[in-house]
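Chemist: Show me the folded form of this:
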Amino acid sequence: MLTGRQIAQNVLPPLAISGSVGLNRTEAQKQDRFVPDQIPCEKTVEVETNLESTSQWLVEVLNLLTHIVERNPDINCALITEQDYKQLSEVLEDLIYGIGEDESHPLWSSMAFVAGLIKRYEDEHFPKLTDLFPELKENPRVKAAPPNRKSTVTTWTETEIAIHAFFSIGGLFSEVRSHKKAISAYDMTLHLNSNFAEAYYNRGTAKTFIAEYEAAIADFDEAIRLKPEFLEAYYNRGLTKATLNQNEAAEHDLQTALKLAKQQGHDNIKVNIVQRLQEFNDTE
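Modeler: Numbering: from 1, shown residues only. The predicted model follows:
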């Protein structure tokens, strides 16, 4: 029989997206849907060695961005207060120091989100140079864009950047095993886009680590509803059901996961599934 401890050891990890991944411009996404181009199954994220201070800093960033989003239903025209501006400026300074121009960093989208909020405040409250110096309007100097410099983030809306930012923050919290905070970050991801299957999967996976099994299954259900061939969601839902002694349902999920693993060519996952199914046979 599988136990809760075994669930924590054997679930597939949360999915991660890199800071430079793009958006699929499908008709579904034109209806305010957001899906990454590709989701690697087992991508690890490097974090600083001082996990305690890094985690605390991430908590502060998450709380700040959550407060702003909850206060502004439409992120694309969010109202930023002076206090927000001061805190965001401090966060941006830390991000610039730690990330620089590394668009592959998992916090790149967070930096873009913070910078966009700061720019909105400054556009609304600070005078433009052309207002202070009217002569600049007569002889503008346009700075040319750097050659071959393309940033996917610049093509996204503020809401899309925010979705990516919260999702990536959730992944970082999962990396340092701060599962409750990861869940909070995925809550915000889904607050902004309720059709993000990978966010449901990641939130469900995080919930298994804190023994919230029924809630985890509900998240896996939603992930599978949105993405019917979601191999990882079937696998983790099966293991979670086994923990609750729902053996028949668990075996059905694992059999479905095995079929998908064969179809999708995930031999490493197939080995795990076969092992789990063998455990069922051994207990009969």
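Chemist: What separation do you get for residue 234 and residue 209?
Modeler: Distance, residue 234 to residue 209, using CB to CB, to the nearest Å: 19 Å. In short, each C-beta sits where N, CA and C put it, glycine included.
Chemist: Mind checking which of those two has more residues around it?
Modeler: residue 234 (25 against 19; other CB atoms under 10 Å).
Chemist: pretty sure that one contacts residue 224?
Modeler: Yes - counting by CB atoms under 8 Å, residue 234 touches residue 224, with 6.6 Å between them.
Chemist: List the residues that are in contact with both of those two.
Modeler: Common neighbours of residue 234 and residue 224, counting by CB atoms under 8 Å, 6 or more residues apart in numbering, are absent.
Chemist: Just give me the longest helix of this protein.
Modeler: Taking DSSP state H as the criterion, the chain has its longest helix at helix 51-71.
Chemist: just checking, next helix/strand downstream of it?
Modeler: Where DSSP states H and E defines the elements, the next helix or strand beyond helix 51-71 is helix 82-99.
Chemist: by how many degrees do that following helix and helix 51-71 diverge?
Modeler: 140 degrees (axes from the mean of the first three to the mean of the last three CA atoms, to 10 degrees).
Chemist: which helices and strands does helix 82-99 pack with?
Modeler: Counting contacts by 3 or more CB pairs under 8 Å, 6 or more residues apart in numbering; DSSP states H and E, helix 82-99 packs against helix 51-71, helix 108-125.
Chemist: ok, which stretches of the stretch 151-284 of the chain are helices?
Modeler: For the stretch 151-284 of the chain, the helices defined by DSSP state H, counting those that start in this stretch cover 158-175, 179-192, 197-209, 213-226, 231-243, 247-264, 267-283.
Chemist: got the CA coordinates for the fourth one in PDB?
Modeler: Only the C-alpha atoms of helix 213-226 are listed here, as PDB (Å, rounded to 0.1, in the frame of the first residue of the first chain):
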ATOM      1  CA  TYR A 213      -4.800  15.300  -0.900                       C
ATOM      2  CA  GLU A 214      -8.500  15.900  -1.700                       C
ATOM      3  CA  ALA A 215      -7.700  19.500  -2.800                       C
ATOM      4  CA  ALA A 216      -4.800  18.200  -4.800                       C
ATOM      5  CA  ILE A 217      -7.000  15.800  -6.700                       C
ATOM      6  CA  ALA A 218      -9.400  18.600  -7.400                       C
ATOM      7  CA  ASP A 219      -6.600  20.600  -9.000                       C
ATOM      8  CA  PHE A 220      -5.400  17.500 -11.000                       C
ATOM      9  CA  ASP A 221      -9.000  17.100 -12.200                       C
ATOM     10  CA  GLU A 222      -9.100  20.600 -13.500                       C
ATOM     11  CA  ALA A 223      -5.700  20.300 -15.200                       C
ATOM     12  CA  ILE A 224      -6.900  17.100 -17.000                       C
ATOM     13  CA  ARG A 225     -10.200  18.800 -18.000                       C
ATOM     14  CA  LEU A 226      -8.200  21.600 -19.600                       C
END
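Chemist: Good, we can wrap up now.
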